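# After the sequence you'll find the predicted model.
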Number of protein chains: 2
Amino acid sequence: MIVVATTEKSSVATGAETSSKSETAYRYVLERIRSGSYGPGYRLVLSRLADELNMSVVPVREAIRRLESERLITFERNVGATVTGIDPTEYLYTMQTLALVEGYATALCAPLLAPADLARARDVNGQMRVRLADFDPRTFTELNLAFHAILFENCPNPHVLDLVQRGWNRLGALRSSTFAYVPGRAARSVAEHDALLDALAAGDDVVEIERLARRHRLATLEAYLAHAGT
Amino acid sequence: MIVVATTEKSSVATGAETSSKSETAYRYVLERIRSGSYGPGYRLVLSRLADELNMSVVPVREAIRRLESERLITFERNVGATVTGIDPTEYLYTMQTLALVEGYATALCAPLLAPADLARARDVNGQMRVRLADFDPRTFTELNLAFHAILFENCPNPHVLDLVQRGWNRLGALRSSTFAYVPGRAARSVAEHDALLDALAAGDDVVEIERLARRHRLATLEAYLAHAGT
DNA sequence: AGCGACGAAATCGTATACGATCAGTCTCGC
DNA sequence: GCGAGACTGATCGTATACGATTTCGTCGCT
């Protein structure tokens, strides 16, 4: 699992992590959603979760509401909580927004990238290229996240980075669905990564970098839309 | 008060609004923060709020945590909740992010704007110009929000609109602070509005629209940075 | 007078309890 | 046989209670 920006408060690695129970519940459910164990539509029963985690419903409730505000959970009064579904419209909203924030984040980070960082990113992209042969959406997605995570490592704006992270979490929820895979998209994605790395290495204008990075994400969306249209 | 996008679930105006207590608490505190009654650093005591609203601490807690995830409240374990402060760095993060999402939202909405909408926006901008004489930051800010709210009325991506709304809420918290006002900025802001309206009326490319709208917000940030630098 | 340690008050974190609301089912009448 | 209404079980929403932690004032010591 690759994690770029945790939403935790203390970024200091003091060791003694005093996380509250609600924090524990939050991470527990988030990880399940990210990994796909809790797929779209999965029903979350507060009391059951509370039992599972050896805590009462109050902290669980808090965690669920937090996930709700990140659009990962849909919570209906007196009905229950389910992992948010993924109709095409929501997919479009999410991908558009992600394209926006990823593009900007890439541009913000571009001037801060050392050659060594670019080399690591190239290496990851190389691994992706190798995996094109025996394609597995899950590992491919992980590598894709790793690739962009390298570019965002020194992001000077944590708010933007947080939005990127939320978008990724949201996509994680629908990773294993039919939306995730469009034939031929993976190979083009690898090629676009190379183009982006070339532009970064050449020290291109940040406007151009942002355009490239945004289009990279939008291309996936458009590929899906075209695929769904046929 | 101008509200563009409520975060409510039911956008249907069925009339019978069955809002939970936690929802009530959320709106109560949010409105206080937006309006400036609860300024940066204001201390929120859960039990006191609960008394004020005739409810127990549990729903209040929920509301506070929700506001925390929107960066409006800072909540520290066993210490308490305070309205999030506004150091220059946070201001930069917020304004950068807002420039990003406002710019994109403007571009998304541009093709959907009718001449009548532009006329209304011009009217609001006219009111702003009039108020330049006897400048009042509070009403000026409200008019500014109204101006952009008109442009965003038919926004096709609610996620982006939500991010804009969150940014505005966050700025509301620091409206009455020294950060909000930089001499001469208001007049330039009105001029930029006109330029943006001209571009919209001319049917300019969405890329250009986005660039203009983004720069409009960034200009405020840069004016502040320059002002603070002296 | 300044500084450190102790104690009490305030506040948060969570458990438990109970009322409210909804979905599904079962029965009764047509 | 089929539909309407009531009932039951499940689940959520909130109140209350209590333990844990921090903060702040006070007292004693140097």
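Right, received. Where do you want to start? Numbering: from 1, shown residues only, chains lettered A, B, ... in the order given.
# shaky segments in chain A?
A:1-18, A:175-181, A:229-230 (pLDDT under 70).
# Can you classify the most centrally placed residue in it as helix, strand or coil?
Taking Cα atoms, centre = their mean, the centroid of chain A lies closest to A:Trp168, which sits 1.3 Å from it. Under DSSP: H, G, I helix; E, B strand; the rest coil, the three-state class of A:Trp168 is helix.
# Next one: the residue nearest to it when sequence neighbours are not counted from A:Leu197, what distance?
Distance criterion Cβ to Cβ, 6 or more residues apart in numbering or on different chains; nearest residue to A:Trp168, sequence neighbours excluded, is A:Leu145 at 6.3 Å. The way it works is simple: take the backbone N, C-alpha and C, and place the C-beta from them, glycine included. In this structure, A:Leu145 and A:Leu197 are 16 Å apart, going by Cβ to Cβ, to the nearest Å.
# cool, and A:Thr220?
18 Å.
# The two - which one has more neighbours?
A:Thr220 (22 against 18; other Cβ atoms under 10 Å in any protein chain shown).
# is it true that the more buried one touches A:Arg185?
Yes: in terms of Cβ atoms under 8 Å, A:Thr220 counts as a neighbour of A:Arg185; the distance is 6.1 Å.
# now the angle from the biggest helix by length in chain A to helix B:206-229?
For chain A, the longest helix by residue count, based on DSSP state H, is helix A:206-229. Relative orientation of helix A:206-229 and helix B:206-229, computed by axes from the mean of the first three to the mean of the last three Cα atoms, to 10 degrees: 140 degrees.
# Put the alpha carbons of helix A:206-229 into CSV.
In CSV, the C-alpha atoms belonging to helix A:206-229 read as follows (Å, rounded to 0.1, in the frame of the first residue of the first chain):
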residue,chain,number,x,y,z
VAL,A,206,4.7,24.9,-15.2
VAL,A,207,1.7,25.8,-17.3
GLU,A,208,2.7,23.1,-19.7
ILE,A,209,3.4,20.6,-16.9
GLU,A,210,-0.1,21.2,-15.5
ARG,A,211,-1.7,20.8,-18.9
LEU,A,212,0.1,17.5,-19.4
ALA,A,213,-0.7,16.1,-16.0
ARG,A,214,-4.3,17.2,-16.2
ARG,A,215,-4.8,15.7,-19.6
HIS,A,216,-3.2,12.5,-18.4
ARG,A,217,-6.0,12.0,-15.9
LEU,A,218,-8.7,13.3,-18.2
ALA,A,219,-7.6,10.8,-20.9
THR,A,220,-8.5,8.0,-18.6
LEU,A,221,-11.9,9.5,-18.1
GLU,A,222,-12.5,10.0,-21.8
ALA,A,223,-11.3,6.5,-22.6
TYR,A,224,-14.0,5.3,-20.2
LEU,A,225,-16.7,7.5,-21.6
ALA,A,226,-15.9,6.4,-25.2
HIS,A,227,-15.8,2.8,-24.0
ALA,A,228,-19.1,3.1,-22.2
GLY,A,229,-20.6,4.8,-25.2
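# what comes up buried for that helix?
By neighbour count on 16 or more other Cβ atoms under 10 Å in any protein chain shown, the buried set for helix A:206-229 is A:209-214, A:216-218, A:220-221, A:223-224.
# out of those, who's nearest DNA strand C?
A:Tyr224 (31.5 Å; Cβ to the nearest atom of the strand).
# show me the contacts for that closest one.
The contact partners of A:Tyr224, by Cβ atoms under 8 Å, 6 or more residues apart in numbering or on different chains, come to A:91, A:95, A:179, A:182, A:185.
# Up against DNA strand C, what does chain A have?
Contact residues (Cβ under 7 Å from any atom of the strand) of chain A with DNA strand C: A:20-22, A:50, A:54-59, A:62, A:77-79.
# now, which of those lie close to chain B?
A:20, A:22, A:58, A:62, A:77 (Cβ under 8 Å from any Cβ of the partner chain).
# Touching, the last one and B:Lys21? I think so.
No: A:Arg77 lies out of contact with B:Lys21 (Cβ under 8 Å); the separation is 11.5 Å.
# Pick out whichever of these two has more residues nearby.
Using other Cβ under 10 Å as the criterion, A:Arg77 and B:Lys21 rank with B:Lys21 on top: 17 against 10.
# Please name the residues that touch that one.
B:53, B:55, B:59.
# Let me see the ranges of the helices in chain A.
A:21-35, A:46-52, A:57-69, A:88-109, A:115-131, A:137-151, A:158-173, A:185-201, A:206-229.
# I'd like to know which of these is closest to B:Phe140.
Of all those, helix A:158-173 sits nearest to B:Phe140, with 25.1 Å by Cβ to Cβ.
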